[in-house]
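Asker: one predicted model, sequence on top.
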Amino acid sequence: MTALTMPAGAGAGRRARTGQLAGTWSLLRLALRRDRVVMPVWVIALGGSFSSVGQSIASLYDTAAQRAELAASMNGNNSVRAMYGPVFGDSVGGLVSWRMIAFGAALAAVMSLVVVVRHTREEEETGRQEMLSSAMVGRGAPLTAALLAALIANAALGLVIVAGMAGSGAGGAGAVALASAVAGVGALFACTAAIAAQFMESARLAKGLTAAVIGAAFVLKAAGDSATDDGSSVFTWLSPLGWAENTRPYADERWWVLLLIAGGAAVQCAVAYALTGRRDVGMSFLATRPGPARGRISTAFGLAVRLQRGALLGWTVSFAAVGVVFGGLTGGAADLVGDNEKTREIFERMGGQSGLTDAFLASMVSVLGTVAALFIVSSVLRLHGEETAGRAEPVLAGGVGRTGWATGHLLIAFGGAALIMTVGGLGLAVGYGHELPAILAASLVQLPAVWLLGGVTVLLYGALPRAAAAGWAPVGLCLALGWIGPALDLPQPVMDVSPFTHLPRLPGAAAMEWGPVVLLTAVAVVLVAGGLAALRRRDMLT
């Protein structure tokens, strides 16, 4: 009897484990179908940027001596090492790895957190997961499907990177190591997002927690890299982004570091599965604490401040820090560029035909402006999140109208953009040590373009709420044009698609041009007004 009972028990255990994953493939197909547009855009845009940077470096530094000189100058600058890491190899592939591996891995991590949180916590928050769980769907199936979707996205990203590097003439083992490190870090942070989804009650908080972990990883890597020029700092090794750069693509690859990345992902994945089996659907380990609607949160604007103050504070601190770092680089702009006329042309194209220092400052201000567009879009989309989660309906059932409710959040979005650009400009001036009024004015001049992109999102939310997330697309296009367009020498009509292209190139412009500033501001006002008008006339999402 004993011999017969033990196999039966083992079979029951296997059936139980299989039942936990029932419906995984159906949920995976659903996830891939829902992300059939967003995921390929992420993969192609991010993966293609590696090839674009490779082509740019090959054209800018077309001799081994120039590349060796660049590597030596970059390794000798603490601020540059903090941003990009040390240069381990002076080949074209080695320079692409230096320039892109940390940022590429961080962006792959962002892609992964969006995918995982969307198909786990967001499904529970909207109630769809409870409906799916009433069918033949196992307890672990949603998490498994989300992780598999993120894994597929990162695998596709790796393939695009390998193909792109091979196409630019820098293929081989280095390309495989580079792609594996970037995709591996993306998969690791997918597991981090899976853990955050168990702890946080809302998708917004889960994304915020994971993004904070990614930011902390970048800060640790930057601190370590600024201290040493060989990636050996303890702080570097405490960061998954530091692990990625220490794979050293195109420089005697350290394949064993990939085992460290895989091990970190496996441990976090096991923790996520253990946590998901210990809570009810829709619940979280860290529940949001309710509070009375008194004092500062007795109005729609006060509620918006209460809901978005954490994000605004984080963005403000980040802009101050980044501004100081960029300002510190400005004094050595001429040394960084050296005698390379093509590099000089890129900075002048980004920052105008002024002196090199002013062109460098103008290009850094433009970078701050395009990043500020990310803040304004995410802040506007908080309206969509409140509506889809059902939290807007109780507020609107009282004495607050739709326009008043939306205006409270829009004041935070548009006013917050002005705040972070002001703080970023102050940080830039402090880091540089000169020209405070001129740099602050240059930062504020970016606002009309930032507001216009925010206005596009408001219009989408008001008129087409189910397509509101498409507000990220114009921002992504502006980021690509602003960061990669000058290096690729794209035609001016293509560059003119970005509203930032039309703004005066301050500081250093011969005269202030008010026409584009006024026009872009007026367009932003019209877009916001149209979005609010559409919001008043449509049905609320349920």
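Answerer: Looks like it came in fine.
Asker: does the spatially closest residue to Leu527 that is not a sequence neighbour count as helix, strand or coil?
Answerer: Counting by Cβ to Cβ, 6 or more residues apart in numbering, Gly455 is the residue found nearest to Leu527 once chain neighbours are left out, at 3.0 Å. Using the backbone N, CA and C atoms, a C-beta is placed for each residue, glycine as well. Going by DSSP: H, G, I helix; E, B strand; the rest coil, the secondary structure assigned to Gly455 is helix.
Asker: look at Gly455 and say how many residues are nearby.
Answerer: Taking other Cβ atoms under 10 Å as the criterion, the count of residues near Gly455 is 26.
Asker: need the contact list for it.
Answerer: With contact set as Cβ atoms under 8 Å, 6 or more residues apart in numbering, Gly455 has these partners: Val523, Ala524, Val525, Val526, Leu527, Val528, Gly531.
Asker: and it, what pLDDT?
Answerer: With respect to pLDDT, Gly455 has a value of 94.
Asker: repeat that for the one 10 residues further on.
Answerer: Per-residue confidence at Pro465 stands at 87 (pLDDT).
Asker: okay, and the closest residue to Leu506 other than its chain neighbours sits in which element?
Answerer: Sequence neighbours aside, Ala442 is the residue nearest to Leu506 in space, at 3.7 Å (criterion: Cβ to Cβ, 6+ apart). Assigned by DSSP states H and E, Ala442 belongs to helix 436-445.
Asker: what helices or strands is that helix leaning on?
Answerer: With contacts defined as 3 or more Cβ pairs under 8 Å, 6 or more residues apart in numbering; DSSP states H and E, the secondary structure elements packing on helix 436-445 are helix 356-388, helix 402-432.
Asker: avg pLDDT for that helix?
Answerer: When the per-residue pLDDT values of helix 436-445 are averaged, the result is 87.
Asker: stretch 172-188 too?
Answerer: Looking at stretch 172-188 alone, the average pLDDT works out to 94.
Asker: now do the same contact list for Leu453.
Answerer: Leu453 is in contact with Ala373, Ile376, Val377, Gly471, Pro474, Val475, Cys478, Pro499, counting by Cβ under 8 Å, 6+ apart.
Asker: repeat that for 10 Å
Answerer: Taking Cβ atoms under 10 Å, 6 or more residues apart in numbering as the criterion, Leu453 is in contact with 369-370, 372-374, 376-377, 380, 417, 471-472, 474-475, 477-478, 498-500, 520, 524, 527.
Asker: swap in Trp315?
Answerer: Under the criterion of Cβ under 10 Å, 6+ apart, the contact partners of Trp315 comprise 308, 371-372, 374-376, 378-379, 416-417, 419-420, 423-424.
Asker: repeat that for 6 Å
Answerer: Contact analysis of Trp315 by Cβ atoms under 6 Å, 6 or more residues apart in numbering lists Phe375, Ile420.
Asker: still on that earlier bit, what's the PyMOL line that selects buried ones from the contacts of Gly455?
Answerer: Applying 16 or more other Cβ atoms under 10 Å to the contacts of Gly455 leaves a buried subset, and the PyMOL line that selects it is:
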select buried, resi 523+524+527+528+531
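Asker: how about the contacts of Gly455 in JSON lines, adding pLDDT, distance to Leu147 and secondary structure?
Answerer: Rendered in JSON lines, the data for those read as follows (pLDDT from 0 to 100; distance: Cβ to Cβ, whole Å; DSSP: H, G, I helix; E, B strand; the rest coil):
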{"residue": "Val523", "pLDDT": "94", "distance to Leu147": "42", "secondary structure": "helix"}
{"residue": "Ala524", "pLDDT": "95", "distance to Leu147": "40", "secondary structure": "helix"}
{"residue": "Val525", "pLDDT": "95", "distance to Leu147": "44", "secondary structure": "helix"}
{"residue": "Val526", "pLDDT": "96", "distance to Leu147": "43", "secondary structure": "helix"}
{"residue": "Leu527", "pLDDT": "95", "distance to Leu147": "38", "secondary structure": "helix"}
{"residue": "Val528", "pLDDT": "95", "distance to Leu147": "39", "secondary structure": "helix"}
{"residue": "Gly531", "pLDDT": "93", "distance to Leu147": "36", "secondary structure": "helix"}
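Asker: wait, which of the contacts of Gly455 is closest to Arg81?
Answerer: Nearest to Arg81 out of those is Ala524 (Cβ to Cβ; 38.5 Å).
Asker: Ala170 in helix, strand or coil?
Answerer: Here Ala170 takes the coil state, with states given by three-state DSSP.
Asker: next: Gly399.
Answerer: coil.
Asker: for it, give its distance to Leu259.
Answerer: Gly399 sits 60 Å away from Leu259, taking Cβ to Cβ, to the nearest Å as the criterion.
Asker: now swap in Ala227 and tell me
Answerer: Here the criterion is Cβ to Cβ. By it, Ala227 lies 25 Å from Leu259.
Asker: neighbour-wise, which of those two wins?
Answerer: In this comparison of Ala227 against Leu259, neighbours counted by other Cβ under 10 Å, the higher total goes to Ala227 at 15 against 10.
Asker: mind listing what that one touches?
Answerer: Ser233.
Asker: all strands of the stretch 51-200 of the chain, in order?
Answerer: Taking DSSP state E, counting those that start in this stretch as the criterion, the stretch 51-200 of the chain contains no strands.
Asker: quick one: low-confidence ranges for it?
Answerer: Under the criterion of pLDDT under 70, the regions of the stretch 51-200 of the chain flagged as low confidence span 77, 79-80, 126, 129-135.
Asker: now the helices for it?
Answerer: All helices of the stretch 51-200 of the chain, identified by DSSP state H, counting those that start in this stretch, fall at 64-75, 78-84, 92-118, 121-126, 128-133, 141-167, 173-199.
Asker: can I get the ones you listed in CSV including distance to Glu386 and mean neighbour count?
Answerer: CSV is the format used below for the helices of the stretch 51-200 of the chain (distance: least, Cβ to Cβ, whole Å; neighbours: other Cβ atoms under 10 Å):
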stretch, distance to Glu386, mean neighbour count
helix 64-75, 45, 16
helix 78-84, 36, 20
helix 92-118, 17, 26
helix 121-126, 11, 23
helix 128-133, 17, 16
helix 141-167, 23, 22
helix 173-199, 19, 27
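Asker: so for Leu411, which of those sits nearest?
Answerer: Shortest distance between Leu411 and those, using Cβ to Cβ, is found for helix 121-126: 25.3 Å.
Asker: which strands or helices does that closest one pack on?
Answerer: helix 203-227 (3 or more Cβ pairs under 6 Å, 6 or more residues apart in numbering; DSSP states H and E).
Asker: so which bits of the helix or strand just after the helix it packs on are buried?
Answerer: Once helix 203-227 ends, the next helix or strand along the chain (criterion: DSSP H and E) is helix 234-237. Applying a neighbour-count criterion of 16+ other Cβ under 10 Å, the buried positions in helix 234-237 are Phe235, Thr236, Trp237.
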